[in-house]
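Visitor: coords below, sequence missing:
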């Protein structure tokens, strides 16, 4: 169980994550106008690699060999998925605009995350179906519909 301070820090980190994802999506979409989507995506992934390596050098320096111990092996596909996330965020923002794209992205994240918890997929602890969470999802979807019509 999280203490209040940990929960608050987690809340702030999650808010920061959402804000950074929105800004990054706008930046990446603008870069594709000059360079093309796969060049922009490669640049994003490459610069992310450089930042991660610098952070690794400045902090824990744990062994890269530990990656070979990860089970199941498909859990190592996060970077591959990340490339497709970058692509789909860029295309979504390009086609729908930042606000609509992010709203749909967040709803999709919420729905998939809840299904992962509900069915206990990928090693996540299985959670019971809760009506209040389903109502919350319905309210979020209604919000998108209302937003789209304005």
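Guide: Structure received. Being a predicted model, the structure only gives us computed values, none of them experimental. Numbering: from 1, shown residues only.
Visitor: low-scoring stretches of this protein, by residue?
Guide: Residue ranges of the chain with pLDDT under 70: 1-2, 150.
Visitor: which stretches of it form helices?
Guide: With DSSP state H, the ranges of helices along the chain come out as 4-35, 37-58, 78-96, 98-119, 131-149.
Visitor: tilt between the third one and helix 4-35?
Guide: Using axes from the mean of the first three to the mean of the last three C-alpha atoms, to 10 degrees, the interaxial angle of helix 78-96 with respect to helix 4-35 works out to 70 degrees.
Visitor: Give me the angle between helix 78-96 and helix 37-58.
Guide: 140 degrees.
Visitor: quick one: helix 78-96 to helix 131-149, angle?
Guide: 40 degrees.
Visitor: just the longest one next, same as before
Guide: Direction vectors for helix 4-35 and helix 131-149, defined by the same axes, to 10 degrees, enclose an angle of 30 degrees.
Visitor: Show me what helix 4-35 is packed against.
Guide: helix 37-58, helix 78-96, helix 98-119 (3 or more C-beta pairs under 8 Å, 6 or more residues apart in numbering; DSSP states H and E). In this view, the C-beta of every residue, glycine as well, is placed from N, C-alpha and C.
Visitor: which residues does residue 115 contact?
Guide: residue 121 (C-beta atoms under 8 Å, 6 or more residues apart in numbering).
Visitor: Could you check how far it is from residue 143?
Guide: 20 Å (C-beta to C-beta, to the nearest Å).
Visitor: And residue 133, by the same measure?
Guide: In terms of C-beta to C-beta, residue 133 sits 15 Å off from residue 143.
Visitor: More neighbours: which of these two?
Guide: Comparing residue 133 with residue 143 by other C-beta atoms under 10 Å, the one with more neighbours is residue 133, at 15 against 12.
Visitor: tell me the contacts of that one?
Guide: Neighbouring residues of residue 133 by C-beta under 8 Å, 6+ apart: residue 114.
Visitor: Next: the one 4 residues further on.
Guide: The contact partners of residue 137, taken as C-beta under 8 Å, 6+ apart, are 107, 110, 111, 114.
Visitor: right, and the pair among these with maximum separation?
Guide: Using C-beta to C-beta, the pair of the contacts of residue 137 lying farthest apart is 107 and 114, separated by 10.7 Å.
Visitor: sorry, back to before: which one of the helices of the chain lies nearest to residue 125?
Guide: Of the helices of the chain, nearest to residue 125 by C-beta to C-beta is helix 98-119, at 7.6 Å.
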